[in-house]
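Chemist: Starting from these lines, generate the structure:
(2 chains)
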Amino acid sequence: GDSVTQMEGPVTLSEEACLTINCTYTATGYPSLFWYVQYPGEGLQLLLKATKADDKGSNKGFEATYRKETTSFHLEKGSVQVSDSAVYFCALHRGSGNTGKLIFGQGTTLQVKP
Amino acid sequence: GAVVSQHPSWVICKSGTSVKIECRSLDFQATTMFWYRQFPKQSLMLMATSNEGSKATYEQGVEKDKFLINHASLTLSTLTVTSAHPEDSSFYICSARGAYNEQFFGPGTRLTVL
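Modeler: Below is the predicted model:
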């Protein structure tokens, strides 16, 4: 079945370091792909999305490119801040219409130290 | 735009009582809403998909008689945990589907059953 695999965390970086969180997926067809971020004690916020191959989603300095050939959607940021500390979830959309749903990866915790 | 609220944000109840959690889409109409459960430091577990005006679709292993879902309008879905027990203590998160199959999440409800 469809699935999403993320790199294990926690990922600990110093402020202004480069970030890459790997995400690969297994799915039939070409699902839409998403990155969500969850700050402590809060719900998830949509960070960025890509709906077809080669699309690049970007937001708040984060970006991810939908790579069909490697079935990947890695999250990158050139210079992280302490405020980026959170849990990041990669997800794909499976199904259509009223039966469609998101399949989440296990989440990757990012800790950014000053 | 695309704001989803939940109420209450946290609730403590005695074992055996029922608790209702509301999920509202504040600035858009949501034909489909979702209910998730999240355990500490884990990913989200989809409990059910709620479509306006019809019965909810529950994921395998989720007791529909225990977790009652009602989606009576395009802006409101409710989850009622009936006869709650300590093992039902968890973080419950709702979401509403957007136009591109993304989901907009509420801030979550922390349920503690004593």
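Chemist: Parallel or antiparallel, list what pairs with the lowest-mean-pLDDT helix or strand in chain A.
Modeler: Scoring the helices and strands of chain A by mean pLDDT, DSSP states H and E places strand A:101-104 at the bottom, with a mean of 90. Partner strands and pairing direction for strand A:101-104 (DSSP bridges) are strand A:86-94 (antiparallel).
Chemist: And the contacts of the partner strand?
Modeler: Strand A:86-94 is touched from outside by A:2, A:4, A:6, A:9, A:21, A:23, A:25, A:27, A:31-40, A:44, A:47, A:73, A:75, A:100-105, A:107-110, B:43-44, B:101-102, with contacts defined as Cβ atoms under 8 Å, 6 or more residues apart in numbering or on different chains. The C-beta positions use only the backbone N, C-alpha and C, and glycine is treated the same way.
Chemist: Going through those, which ones are buried?
Modeler: Those of those that meet the buried threshold are A:4, A:6, A:9, A:21, A:23, A:25, A:27, A:31-38, A:44, A:47, A:73, A:75, A:100-105, A:107-110, B:43-44, B:101-102, by 16 or more other Cβ atoms under 10 Å in any protein chain shown.
Chemist: Narrow those to those in strands?
Modeler: When these are checked against strands (DSSP state E), the matches are A:4, A:6, A:21, A:23, A:25, A:33-38, A:44, A:47, A:75, A:101-104, A:108-110, B:44.
Chemist: Which helix or which strand is home to B:T49?
Modeler: Remark: B:T49 resides in strand B:44-51, with elements defined by DSSP states H and E.
Chemist: How about the next helix or strand after that strand and chain A, any contact?
Modeler: As assigned by DSSP H and E, the chain's next helix or strand after strand B:44-51 is strand B:57-58. Yes - Strand B:57-58 lies in contact with chain A when judged by Cβ under 8 Å from any Cβ of the partner chain; the contacting residues are B:T57.
Chemist: partners of strand B:57-58 in the sheet?
Modeler: strand B:44-51 (antiparallel).
Chemist: now what about the strand it pairs with, what contacts it?
Modeler: With Cβ under 8 Å, 6+ apart as the test, strand B:44-51 has contacts from A:44, A:89, A:98-99, A:101-102, A:104, B:31-39, B:56-59, B:62, B:64, B:67, B:69-71, B:77, B:79, B:93.
Chemist: One more: stretch B:53-64?
Modeler: The set of residues external to stretch B:53-64 that reach it, using Cβ under 8 Å, 6+ apart, is A:99, B:45-51, B:67, B:69, B:71-72.
Chemist: Residues of chain A that sit close to chain B?
Modeler: Within chain A, the positions near chain B by Cβ under 8 Å from any Cβ are A:32, A:34, A:36, A:41-46, A:49, A:51, A:89, A:93, A:98-102, A:104-107, A:109.
Chemist: quick check, A:S83 in a helix?
Modeler: Yes - counting by DSSP: H, G, I helix; E, B strand; the rest coil, A:S83 is found in a helix.
Chemist: end-to-end on stretch A:66-85?
Modeler: Start and end residues of stretch A:66-85 are separated by 24 Å (Cα to Cα, to the nearest Å).
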